[in-house]
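Novice: A predicted structure for the sequence below; I have some questions about it.
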Amino acid sequence: MHGFEMVAHSSDLEPGKGMVIRIQGNRRAIFRDFHSKRLFCIDDFCPHAGASLSEGTILHEVIYCPWHQWGFKGMDGRCVTGSIWHVDSFEVVESGDSIWVSLEPKDKMPDSEPE
């Protein structure tokens, strides 16, 4: 899968909990939502106070920081708790038992593959 890296097996990721992964030396937080079962990947660094977001929780597709409960949408990394801050979000693909994450943030990915 061009532009993606295999980061985990589906069985590694428990619904409702996060896991830290490394892509090209950068820490990312990957989650499976407890209710929707959708996968999300965001930066593993809360811009508020530097907490590891992978140690937080996810509820209704919002990832909550473990320190001060700031919430970030899994889909696009926007803060939902009143801040203008955001974190980068990354495309996630589950294929068989493999979880793949894009190397580039969603907002920097091309709309289509070059021919």
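Specialist: Nice, I can see it. Predicted model, so just to flag it, every value in this text is computed and none were measured. Numbering: from 1, shown residues only.
Novice: Skipping adjacent residues, who's closest to the spatially most central residue of the chain in space?
Specialist: By C-alpha atoms, centre = their mean, the chain has its centre lying nearest to residue 41, at 1.4 Å. If the residues on either side of it in the chain are set aside, residue 41 comes closest to residue 90, at 4.2 Å by C-beta to C-beta, 6 or more residues apart in numbering. Any C-beta I mention is one placed from the backbone N, CA and C, and that applies to glycine too.
Novice: how close does residue 22 get to residue 35?
Specialist: Applying C-beta to C-beta, to the nearest Å, the value for residue 22 to residue 35 is 28 Å.
Novice: And for residue 94?
Specialist: For residue 94, the distance to residue 35 - C-beta to C-beta - is 17 Å.
Novice: Mind checking which of the two has more residues around it?
Specialist: residue 94 (16 against 11; other C-beta atoms under 10 Å).
Novice: And what about the residue nearest to the centre of the chain, helix, strand or coil?
Specialist: Following DSSP: H, G, I helix; E, B strand; the rest coil, residue 41 is assigned to strand.
Novice: Surely it is in contact with residue 29?
Specialist: Yes. Using C-beta atoms under 8 Å, residue 41 is in contact with residue 29, at 6.9 Å.
Novice: returning to what we had before: which ones are touching the residue nearest to residue 41?
Specialist: Residue 90 makes contact with 23, 28, 41-42, 101-102, 104-106 under the criterion C-beta atoms under 8 Å, 6 or more residues apart in numbering.
Novice: Highest neighbour count among these?
Specialist: Neighbour counts for these (other C-beta under 10 Å) peak at residue 41, which has 29 neighbours.
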